[in-house]
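Student: Just the structure for this:
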Amino acid sequence: MKFKVSIGKKPQHDGMVSCVGWTVGDDLFSCGDEGSILKWNTKTGETAAITKLPDGVYPADMAWFPSNVGGRQSASELFVLGTTDGKFHLVSKNGRFEKSVEAHNGAVIAIKWSKNGNSLVTAGEDGQVKIWSRSGMLRSTLAQVGTPVYSVAWGPDSEQILYACGKQIIIKPLSPSAKPTQWKGHDGLIMKLDWSSVNNLIVSGAEDRKYKVWDSYGRLLFASHPHHYPIMSVSWSPNGQMFAVGAFNTLRLCDKSGWCYSLDKPNTGSIYSLDWSRDSTLVAGGCGNGHVIFAGVVNQTIEWKHLVVTLQEEKVLLVEDVVNNTKDQLEFRDRVVKMSLGWDHLVVTTSSQCLIYSTSNWNTPLIFDLKGLTTSAILLARKLFLIVDSVQGLSVYSYEGRLICSPKYSGIRTDSLNVNNIAVSSDTLVLVDSRDNRAYHVFDINTGRELTDKPLYHSQELLTVALDQYGNTNERCLAFTDKNNDLFLVQIRHSNPLTKLKKLGGMVTTLMWHDTTNMLSALQDGRFTVWYYPRAVYIDMELLPQSKVFKDAGEFGKNPQIVSFLGHHCTLRRSDGSLVSTAVSPYPTILQNYVSKTSWDDAVRLCRFVKDGALWASLAAMATAAKELNTAEIAYAAINETEKVEYISYIKDISNKAARNAEMSLFCKQTGEAEGTLLQAGLVYRAIRLNVDLFRWNRALELAVKHKTHVDTVLAYRQKYLQDFGLEESDNVFMQYSKEIAVDWTTIQNKINMELENERGK
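Tutor: Purely as a prediction, here's the structure:
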């Protein structure tokens with residue numbers, strides 16, 4: 001990936017260009033020290049003067065009203081301009097000054113709209129940071145420091161302000177009682193800051209000639225090597241995947257992790273201001289020599305199996321098949337905004353259309369028009385795909401181009417959605433709540449409705465979510481990591497999902513499901529870990545550690561990220577941007593394919609051939625889940641689980657199918673399911689005895705009373721239990737029934753024998 005840089009033959013401004021800003025469409029506004037405000041049309045290449053500032057008034061910063069605020073179409077045609085005379089001005093796109101407000105003693109150096117468009121923040125030469133209403137009324141003075149504040153930014157939730165004071169970076173909540181977070185960011189004066197609403201990361205640039213990437217807690221994630229000149233501007237792309245850095249005759253394109261995609265050396269002087277187009281394909285910069293620089297993102301590459309797709313030009317894609325050594329060139333009417341490759345399809349969005357290509361036919365794509373202009377992400381699943389538009393919201397389509405649903409919930413902020421807080425499969429969609437990252441919403445894709453009345457809550461903020469792609473819909477599993485880097489698995493479509501929440505491990509930094517099976521890979525505590533069958537956590541917890549493999553992750557460098565998990569290879573990206581691949585055993589994939597076809601004999605033969613304990617443990621879990629007792633017995637025997645082999649042998653001797661299934665549920669520690677199976681089959685005594693054996697006395701008595709049978713049996717076993725442990729009855733309910741019902745072991749034993757006899761006859 002790199003920038004394709006474009007600069008005019010001669011500067012359009014007579015002085016330094018101090019600020020630039022994109023409209024919702026493809027128009028750019030720039031303002032220079034000579035006071036003129038110019039409008040640039042990137043489609044036609046034309047430039048027009050909109051208005052001019054009064055003599056002696058110089059621009060410092062500008063910001064367009066956010067485009068993702070619903071119901072304010074007219075407001076999105078408005079921008080705010082901060083000037084050196086201490087004022088800020090609300091200006092229409094036609095150049096008319098709607099309002100001017102006295103804001104600071106000295107220049108208004110930085111100005112920004114909140115994400116929701118309700119507020120403005122200004123930072124001045126007088127060292128003050130102020131909050132204003134949308135109409136220009138002062139709400140509060142958030143901070144007052146002794147030095148000029150050169151840069152300011154809103155937090156993703158519009159409840160915090162990020163600003164720089166000398167060498168310090170400060171996050172100040174709007175709440176007066178909340179304490180600010182402050183840390184030393186650089187060894188020189190900090191010139192520019194930006195905070196991404198999508199990935200929640202902060203980038204800073206300073207006179208120490210470095211740019212740095214931070215998380216929202218002030219932890220340093222990346223620090224560049226010193227440049228030749230001070231860093232004058234930094235800017236996140238709206239999709240949060242990359243950022244641009246500007247300095248003297250220098251323009252860099254960087255990944256969100258900090259490493260650099262490309263370096264350009266244009267003859268621009270210092271680049272004082274950078275701003276991205278809404279679709280994240282173009283960045284514009286205001287230059288010290290009067291030029292406005294335009295840079296389009298090209299050479300973006302995506303891979304899937306044997307296919308490589310490269311964005312050669314803004315309207316041209318090159319598709320390479322490395323196996324058959326063929327190349328296809330795809331040309332588009334408009335600029336390519338986003339593309340995604342997988343599941344035998346290539347999905348491309350331009351500024352006006354969506355095109356769906358089958359990997360077997362590149363000549364006749366399915367095409368439909370798009371209403372939105374700002375596609376921020378495309379997520380593919382086996383049978384469908386999801387388009388995320390920061391203005392229009394979410395849309396789920398089939399690969400035939402049919403709109404399936406447009407899921408949403410109250411208060412959704414689509415500008416904050418990204419690949420980390422969205423998970424999609426062929427039947428389920430999960431969205432992390434943009435207002436509270438501890439909550440997540442689960443949607444049925446066929447209806448577009450939430451599966452629960454309220455969002456599900458986790459104890460900590462969620463960082464990454466991912467859905468498995470294969471298996472029964474009712475067993476769909478969501479894997480997620482939280483703020484503590486703990487990895488959890490939850491059966492998301494269960495009637496009570498939170499009862500199916502299980503922890504798989506801790507210190508997990510990145511995760512990904514396999515493309516054709518339900519294997520799960522992750523980087524955990526310095527090791528690359530693969531769970532062959534993570535659902536074992538619901539079947540036999542002791543099988544989970546036995547059914548995973550790991551290797552040391554030192555070869556992948558510091559903070560690697562999993563990019564893909566296809567076939568028998570997992571690809572990771574190192575912190576320097578390089579890709580490295582590691583092999584994964586092919587046998588778990590073959591095993592799961594056998595199990596999906598119920599070819600149990602083939603599965604056993606495979607495990608005997610490979611002689612791998614992790615494979616046997618996986619087979620044991622899969623066979624137990626499918627209630628395939630013969631295979632489960634063989635698999636448990638292979639991993640020396642003698643007591644479990646004996647218990648399975650006992651289950652096999654039970655003649656009644658419902659009783660056998662209930663015992664298997666009990667074997668998997670699913671007590672409620674076991675009881676339900678027995679009651680549904682009319683085996684009330686077994687259900688009561690199950691609770692007695694588990695010392696769930698109150699539940700056993702409740703069932704006996706409800707079904708008007710074996711109350712004396714429960715009382716008898718309760719009395720025997722108390723006598724064995726030398727205890728006295730203390731439960732009032734049992735004391736009451738003990739007075740009313742006599743206990744006779746002979747009668748009880750006869751009733752039990754009769755129940756067992758009746759059971760054999762069913």
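
Student: where along the stretch 601-750 of the chain do the helices fall?
Tutor: Along the stretch 601-750 of the chain, counting by DSSP state H, counting those that start in this stretch, helices occupy 613-625, 629-638, 642-652, 657-667, 671-680, 684-693, 697-707, 711-724, 732-740, 745-761.

Student: residues making contact with the shortest one?
Tutor: Yep, that's helix 732-740 we're talking about. Helix 732-740 has contacts (Cβ atoms under 8 Å, 6 or more residues apart in numbering) with 697-698, 701, 705, 711, 715, 718-719, 729. For every residue, glycine as well, the C-beta is placed using N, CA and C.

Student: Counting neighbours, which of those end up buried?
Tutor: Buried members of the contacts of helix 732-740, scored by 16 or more other Cβ atoms under 10 Å, are 697, 701, 711, 715, 718.

Student: For those residues, could you give me TSV that also reports pLDDT?
Tutor: Formatted as TSV, the buried ones among the contacts of helix 732-740 follow (pLDDT from 0 to 100):
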residue	pLDDT
697	95
701	95
711	94
715	95
718	95
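
Student: Can you give me the buried ones in stretch 98-109?
Tutor: For stretch 98-109, by 16+ other Cβ under 10 Å, it's 101, 103-104, 107-109.

Student: Give me the distance between the nearest residue to residue 486 once chain neighbours are set aside and residue 481.
Tutor: Of all residues not flanking residue 486 in the chain, residue 506 sits nearest, at 4.9 Å (Cβ to Cβ, 6 or more residues apart in numbering). Shown here: residue 506 relative to residue 481, a distance of 10 Å by Cβ to Cβ, to the nearest Å.

Student: so what sits against both of those two?
Tutor: Any residue near both residue 506 and residue 481 by Cβ under 8 Å, 6+ apart counts here, and that gives residue 487.

Student: Those two: which is more packed in?
Tutor: residue 481 (25 against 12; other Cβ atoms under 10 Å).

Student: Quickly find the element holding the more buried one.
Tutor: strand 477-482 (DSSP states H and E).

Student: For residue 183, give me its contacts.
Tutor: Applying Cβ under 8 Å, 6+ apart to residue 183 gives the contacts 168-169, 218.

Student: Contact partners for residue 743?
Tutor: Counting by Cβ under 8 Å, 6+ apart, the residues that residue 743 touches are 712, 715-716, 719.

Student: That should have said residue 194, apologies.
Tutor: With contacts defined as Cβ under 8 Å, 6+ apart, the neighbours of residue 194 are 151, 153, 202-203, 234-236, 243.

Student: so can I have a markdown table of the contacts of residue 183 showing secondary structure and distance to residue 681?
Tutor: As requested, those are arranged in a markdown table below (DSSP: H, G, I helix; E, B strand; the rest coil; distance: Cβ to Cβ, whole Å):
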| residue | secondary structure | distance to residue 681 |
| --- | --- | --- |
| 168 | strand | 70 |
| 169 | strand | 65 |
| 218 | coil | 60 |
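
Student: Those residues, buried ones only, as a ChimeraX selection?
Tutor: A single ChimeraX command selects the buried members of those (16+ other Cβ under 10 Å):
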select :169
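
Student: To which secondary structure element is residue 430 assigned?
Tutor: strand 428-432.

Student: Same question for residue 290.
Tutor: Under the criterion of DSSP H and E, residue 290 resides outside all helices and strands.

Student: my read: it touches residue 16, true?
Tutor: Yes: contact criterion Cβ atoms under 8 Å: residue 290 and residue 16 qualify, at 6.8 Å.

Student: Name the residues contacting each of these two.
Tutor: Shared contacts of residue 290 and residue 16 (Cβ under 8 Å, 6+ apart): residue 32.

Student: Pull the contacting residues for the residue nearest to residue 88 when sequence neighbours are not counted.
Tutor: Closest residue to residue 88 apart from its sequence neighbours, by Cβ to Cβ, 6+ apart: residue 82 at 4.7 Å. Taking Cβ under 8 Å, 6+ apart, we find residue 82 in contact with 59-62, 88, 103, 107-111, 122.

Student: burial of residue 474, as a residue count?
Tutor: There are 11 residues near residue 474, going by other Cβ under 10 Å.

Student: Return the backbone torsion pair for the nearest residue to residue 556 once chain neighbours are set aside.
Tutor: Leaving aside its chain neighbours, residue 556 sits nearest to residue 572 (5.2 Å; criterion: Cβ to Cβ, 6+ apart). The phi and psi torsions at residue 572 (degrees, to the nearest 10) take the values phi -120, psi 150.

Student: Just give me the neighbour total for residue 572.
Tutor: Here the count is done by other Cβ under 10 Å, and residue 572 has 24 residues near it.

Student: same deal with residue 550?
Tutor: 15.

Student: Verify the stated contact: it with residue 531.
Tutor: No: using Cβ under 8 Å, residue 550 makes no contact with residue 531, being 9.7 Å away.

Student: Relative to residue 276, how far out is residue 404?
Tutor: Using Cβ to Cβ, residue 404 is found at 31 Å from residue 276.

Student: more crowded one of the two?
Tutor: Taking other Cβ under 10 Å, residue 404 and residue 276 do not tie; residue 276 has more neighbours (21 against 17).

Student: hang on, that one packs against residue 235?
Tutor: Yes: in this structure residue 276 lies within contact range of residue 235 using Cβ under 8 Å: 6.0 Å.
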